[in-house]
Structures are given as structure tokens and as C-alpha cells.
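Peer 1: requesting a structural model of the entry that follows:
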Amino acid sequence: MEWQFKPPARESSVSGETFSEGEIVVCILHLDAEGQLQRVDLREEEADAFSAPGGVLGRWRREVKTPNEEAREARRQLMATTEELFVSLFEESDPEGEQDRAVLKQLLALMLERKRVLRRVGPAVKGVQRYRHPKQDREYDVPMDDIDPAKLIRIQEQLQLLV
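Peer 2: Residues are numbered from 1 along each chain as shown. Got it, this is the predicted structure:
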């Protein structure tokens, strides 16, 4: 299954009418007839009549904001999701997928370091870089390795969640 996260729509997915600032919009995550994950943004009265062929997976409400506010909020949510994914990689254990997890840990750590969420603690020792998460007051040992194209292809699906 391919995942595509679209930004919040500026108009209704059903009627095509533009939402006004401050309006409450219903967002629905569903599977289409081909089994692909889709998202629709609707007015409340349109949402009651909406029918998804593959079933509704999630539903939430949001307030329409100015484009600048929405872009800021989308960036904040992406960073929070990336941070949660990084932390979850250290909480779960799967011996079969450990190589893929190590690559994901490394890529996410570099991304979060760039965004100043994580800080390096000293130099890498024996292929492991220690990172500190100041907000959580926690440290993580991240495997550092050369990332070759074959490894990236293996974890391409997980990476698409972040792009």
C-alpha cells in the first residue's frame, strides 16, 4: 500500500466549494475501491452523506486557517510525527528487521539533529553515535553506517511516510 499525505484542502472534495477562514471542516481517511489510502476534506453537512467504498479508517475535525498558519502547523505536525517514529524504533524489537530499523534510526537521527531536536553527545564510538533528546532528558545510541542504495530501497516504503 502506498501512503500519500496531502496537505489540508482549501476546498471541499465533494462540491469543490472553497472553505472560508474559521470554518470547521471534517477530514476523513478511507480506502478507495482499489484499496488505496485516501483523504477527503468536507463540510460537515457533506460528511454525513459521504460513503467510502473501502470503509472509513479515521475521521477528525479541523478549523480552516490562513495558508501561512496551515503551513506552520503542517511542519510542526510532521516534526512531531518524525520524533515519535524515532522514539518508537527504540521501544520495539524485531530481530528480522533490525538492519532496516538501524538505517531508519540513522536517517531520523540526522534529520532530528538538523532540526535541533536531538544533540550529539561526543564522537561516534565503534559505529554508534550517542544522541541526547533534551526535552525528554533521554539518550539514544544510534548505529552509524554507510547507507548504500540497496538499504534505501528496502526501507523505501517507510521513508515515503516522511517525505
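Peer 1: what is the burial count for residue 143?
Peer 2: 17 (other CB atoms under 10 Å). Backbone N, C-alpha and C define where each C-beta goes, glycine included.
Peer 1: please name the residues that touch it.
Peer 2: Residues in contact with residue 143, defined by CB atoms under 8 Å, 6 or more residues apart in numbering, are 102, 105-106, 127-128.
Peer 1: gap between it and residue 84?
Peer 2: 20 Å (CB to CB, to the nearest Å).
Peer 1: beta-bridge partners for the residue nearest to residue 138 when sequence neighbours are not counted, please?
Peer 2: Counting by CB to CB, 6 or more residues apart in numbering, residue 138 lies nearest to residue 132, which is 7.5 Å off, once chain neighbours are set aside. Counting by DSSP bridges, residue 132 forms beta bridges with residue 119, residue 139.
Peer 1: mind checking pLDDT for residue 132?
Peer 2: At residue 132, the model reports a pLDDT of 96.
Peer 1: try residue 123
Peer 2: pLDDT at residue 123 comes out at 93.
Peer 1: please apply the same query to the one 5 residues further on.
Peer 2: Reading off the confidence values, residue 128 has pLDDT 94.
Peer 1: bridge partners for it, pull those for me.
Peer 2: Going by DSSP bridges, residue 128 forms beta bridges with residue 125, residue 143.
Peer 1: correct me if wrong: it contacts residue 141.
Peer 2: Yes. Contact criterion CB atoms under 8 Å: residue 128 and residue 141 qualify, at 5.0 Å.
Peer 1: what's the closest non-adjacent residue to residue 111?
Peer 2: residue 82 (6.3 Å).
Peer 1: any idea how far residue 62 is from the one you found?
Peer 2: Distance of residue 82 to residue 62, computed by CB to CB: 20 Å.
Peer 1: between these two, which has more neighbouring residues?
Peer 2: Neighbour comparison, residue 82 and residue 62: the larger count goes to residue 82, with 18 against 15 (by other CB under 10 Å).
Peer 1: quick one: that one and residue 110 touch, right?
Peer 2: No. Counting by CB under 8 Å, residue 82 does not reach residue 110; the two are 11.1 Å apart.
Peer 1: buried residues in the longest helix along the chain?
Peer 2: Ranked by residue count and defined by DSSP state H, the top helix of the chain is helix 67-91. The neighbour-count check on helix 67-91 (16 or more other CB atoms under 10 Å) flags 70, 82-83, 85-86, 89 as buried.
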